[in-house]
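Peer 1: Structure for the following, please:
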Amino acid sequence: MKRSMTFLFVRYAGCALVAMAFSFAAPVSAQGPFFGTMQGPDDWTHHHLVFSNPGTAADALRNGTYDQWLKVAGSDRYILQHAKRAAAANAALKPGKLVLRPEAEPDADDEAPQDVTAPVVRLQRDHLPRGLSLAPKSLFQQFPRHDRNDRGRRQRRNSLHTDWSEDMDSGATVGLGMAPAKFSFAIGGANCGNATQPDFVVYNTRLAGSGTQASIITYDNLYTGCTVPVPSTYWAYNTSGTIVTSVVLSLDGTQVAFAQTASGGSASLVILKWKASASESAGSPGTPTAESASSYRSCMAPCSLTLNFSGGANDTASSVFCDYGSDTIYVGDDSGKLHKFTGVFTGLMPAEAASPWPVSVSGAALGAPIFDQGSGNVFVADYLQNLTSNCATAGTPCGYLYSVKASSGAVAAKSARLDFIFGIVDAPLVDSSAGMVYAFVGADGAFGSPSNCGTDVPCSGVFQFPVNFSSGSSGVETQVGPGYQFLMSGAFDDEYLTSSNGASPTGHLYVVGNTGPEDNTLYQISITSNAMSATPVAGPVVSANYDNGMFSATLPITEIYTGTHDYIFLGVLSFGEPAGCSGGGCVMGFDVTSGTISSSTTPTGATPEAGGTSAIIIDNISSFGGASNIYYTPLSDQLCPTSGGTGGCAIQISQAAP
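Peer 2: Purely as a prediction, here's the structure:
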């Protein structure tokens, strides 16, 4: 008889998650257990707020840091990240047993497909990673480790393969540095269009919504193993505005939130309950019913709530960030104010927080904020919108990193100026477990000695700060080549995120530097016991020959661990160097499992994309049915083969084989 044990971890109602169930079941077949699935969103926020291994409760008690540890290890985001990486490690123990549901029948010796309509993680008892027990405290045990010598067990394809490319209309794109959102990230399988809850991916279009143009569109039936047509439009809406920044999903995927610009140029927060509709498309969108704050919670989908930003400013670069625990959204605007909205996905009355919110952080425009539950701070940076000037000489100085107390709205700290040209364009990268925040700077102002970047250009640099940094602090910098253009965010590798050093991690940070008159180059920055090395390792050139005043830059790096391999994916705007990029915009992937790179490191694959790409979102980890993918849009129109026509394409590309 099959026996199971379930631990129900109850959370306060944060962003639509009331409880997460972790179930451990004995095997039912002679060939061993089937590793099940976890459902949850993957959007831009999950790549900017990360958690290195926080260690155990016992470690925290010994170190006198238990209260801080509990804030981190008890957060919904930590549990989601831990479950994803633990699941990948377990899935690797039984390759080939991952099933695509519901259209692919399981083998006779497989456990029947499991219901994945609730946010649930199912781990098999016999395949638990070392250090992960059945006790409730197992959620906070050491991350699973994997054998780095196993990277040769499977043969890799040396290519990225485009599965589909759908025309969202001329000019449509998610945008520079912005990302689609995916539901769900399911380790053990994938759901096609006829599932109770299909997997889907959401794209904003950056086009003004109308009766003939969707401002937001979503696709399901995503995988090559699904029945045709692959993909299908799941829903598409005219939201009566333009969405130019990344969208975020509630934890159960039933709601979407985003900043939107109205025709008058002022921004608002939109919260949307969607409903599947086969009749909707990019050129024939539906229109959700507009609701008031008091009626939105009980409205029947499709319906939406629009909350105008106080002060009437626009928002052109600040994506919304949701704190799941408090059901709160933070977002900046172009006038330098940081806004706070409460009760967004589960509250009875969603609203913008009153005075002292919105907080006047800077006179310059704000990028996207990151809320760190461990410190209770919101981290945000400013940048220059007027490119005819620079941050050092502009009437409104910019190029600073700020820390704002989420509880009071007080600006806790303002760093020294870090960027002297365009400011800090991308959101910070925060490791809540390690208590560190990283800012990515394209022009650090270090002209000449002691800079190694030349006498007439600054350096690109990564700045590391403790989350409780003081005003005026410059942090610790690692320079990554000559600078000028903006520098986009990097990503930690699996070695760092699963480091056994507790909250003092060791591993690597990958970033693409040389944003000035040199070739864009992939750099590896070593981090040892939470300290960033001053000397990075220069890897391969990813974009070349743009040094004659030509504009080029790379997009944010995205990392995924498959259980046997650790991959990073990135794009470049122009002059792509790898074979297959034809010198234009390009997307490419690298295998960083070994923890080493050099100038001769080659990508696992590369493919040209017009104008470069948006930021990238990762799909499931599965070797079955084409269910391991990355999602993005080009920045310019191109041929969209699967739908026909030339326009802004929503694209799914298969990852290099794990």
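
Peer 1: Without its sequence neighbours, what residue ends up closest to residue 420?
Peer 2: Nearest residue to residue 420 in three dimensions, chain neighbours excluded: residue 445, at 3.9 Å (CB to CB, 6 or more residues apart in numbering). Backbone N, C-alpha and C define where each C-beta goes, glycine included.

Peer 1: What number of residues are in the vicinity of that neighbour?
Peer 2: 19 (other CB atoms under 10 Å).

Peer 1: Thought residue 461 was touching it, still the case?
Peer 2: No. Using CB atoms under 8 Å, residue 445 is not in contact with residue 461, being 9.4 Å away.

Peer 1: so what sits against both of these two?
Peer 2: Shared contacts of residue 445 and residue 461, defined by CB atoms under 8 Å, 6 or more residues apart in numbering, are absent.

Peer 1: Tell me what residue 402 is bridged to.
Peer 2: residue 380, residue 414 (DSSP bridges).

Peer 1: just checking, next helix/strand downstream of the lowest-mean-pLDDT helix or strand in the chain?
Peer 2: For the chain, counting by mean pLDDT, DSSP states H and E, strand 120-124 ranks last in confidence among helices and strands (a mean of 30). Using DSSP states H and E, the next helix or strand after strand 120-124 towards the C-terminus is strand 161-167.

Peer 1: which helices and strands does that next one pack with?
Peer 2: strand 649-654 (3 or more CB pairs under 8 Å, 6 or more residues apart in numbering; DSSP states H and E).

Peer 1: one step back: mind checking what secondary structure the residue nearest to residue 420 has?
Peer 2: coil (DSSP: H, G, I helix; E, B strand; the rest coil).

Peer 1: pLDDT weak spots in the stretch 251-400 of the chain?
Peer 2: 387 (pLDDT under 70).

Peer 1: one more time with 90, if that's ok
Peer 2: Flagging of the stretch 251-400 of the chain using pLDDT under 90 yields the residue ranges 262-265, 385-397.

Peer 1: How about the contacts made by the residue nearest to residue 420?
Peer 2: 392, 417, 419, 420, 458.

Peer 1: Relative to residue 421, how far out is it?
Peer 2: From residue 445 across to residue 421, the span is 9 Å (CB to CB, to the nearest Å).

Peer 1: got any residues that touch both of the two?
Peer 2: The contact sets of residue 445 and residue 421 overlap at 392, 458 (CB under 8 Å, 6+ apart).

Peer 1: residues of stretch 473-486 that come out buried?
Peer 2: Across stretch 473-486, burial judged by 16 or more other CB atoms under 10 Å covers 473, 475, 477, 478, 479, 480, 481, 482, 483, 484, 485, 486.

Peer 1: Tabulate these in CSV, adding columns for secondary structure.
Peer 2: CSV is the format used below for the buried residues of stretch 473-486 (three-state DSSP):
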residue, secondary structure
473, coil
475, coil
477, strand
478, strand
479, strand
480, strand
481, strand
482, strand
483, coil
484, coil
485, coil
486, coil
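
Peer 1: one step back: could you pick out the buried ones from the contacts of residue 445?
Peer 2: 417, 419, 420, 458.

Peer 1: Pretty sure residue 420 is one of the things the last one touches, is it not?
Peer 2: Which is residue 458. Yes. Counting by CB under 8 Å, residue 458 does reach residue 420; the two are 6.3 Å apart.

Peer 1: which residues do the two both contact?
Peer 2: Joint contacts of residue 458 and residue 420 (CB under 8 Å, 6+ apart) are 443, 444, 445.

Peer 1: any idea how far residue 439 is from residue 48?
Peer 2: Residue 48 is 12 Å from residue 439, by CB to CB.

Peer 1: more neighbours, the two?
Peer 2: residue 439 (26 against 22).

Peer 1: Check which helix or strand that one maps to.
Peer 2: Using DSSP H and E, residue 439 falls within strand 436-441.

Peer 1: Sheet-wise, list the partners of the helix or strand that that strand is followed by with their directions.
Peer 2: For strand 436-441, the following helix or strand on the C-terminal side (DSSP H and E) is strand 459-466. According to DSSP bridges, strand 459-466 forms sheet pairs with strand 436-441 (antiparallel), strand 476-482 (antiparallel).

Peer 1: With distance to residue 571 added, can I get those strands in TSV?
Peer 2: Formatted as TSV, the strands paired with strand 459-466 follow (distance: least, CB to CB, whole Å):
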stretch	distance to residue 571
strand 436-441	16
strand 476-482	18
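
Peer 1: Lowest average confidence across those strands, which one?
Peer 2: Ranked by mean pLDDT, the strands paired with strand 459-466 bottom out at strand 476-482, with a mean of 93.

Peer 1: chain center to it: distance?
Peer 2: 24 Å (CA atoms, centre = their mean, to the nearest Å).

Peer 1: again with stretch 378-386
Peer 2: With CA atoms, centre = their mean, you get 19 Å for stretch 378-386.

Peer 1: Neighbours of residue 262, how many?
Peer 2: 16.

Peer 1: Show the pLDDT at the residue nearest to it when sequence neighbours are not counted.
Peer 2: Closest residue in space to residue 262, ignoring its immediate chain neighbours: residue 241 at 5.1 Å, by CB to CB, 6+ apart. The model reports residue 241 with a pLDDT of 97.

Peer 1: is it true that residue 241 touches residue 210?
Peer 2: No. Using CB under 8 Å, residue 241 makes no contact with residue 210, being 10.5 Å away.

Peer 1: Which residue of the two possesses the greater neighbour count?
Peer 2: Shown here are residue 241 and residue 210; by other CB under 10 Å, residue 241 has more neighbours (21 against 13).

Peer 1: Give me the common contacts of residue 48 and residue 439.
Peer 2: With CB under 8 Å, 6+ apart, residue 48 and residue 439 have common neighbours residue 428.

Peer 1: Spit out the contact partners of the residue nearest to residue 479 when sequence neighbours are not counted.
Peer 2: Nearest residue to residue 479, sequence neighbours excluded (CB to CB, 6+ apart): residue 459, at 4.1 Å. For residue 459, the contact set (CB under 8 Å, 6+ apart) comprises 443, 444, 446, 451, 452, 453, 479, 480, 481, 482, 483.

Peer 1: And the furthest pair within those?
Peer 2: 443 and 452 (14.8 Å; CB to CB).

Peer 1: Show me what the residue nearest to residue 479 bridges to in the sheet.
Peer 2: Bridge pairing for residue 459 - DSSP bridges - gives residue 482.
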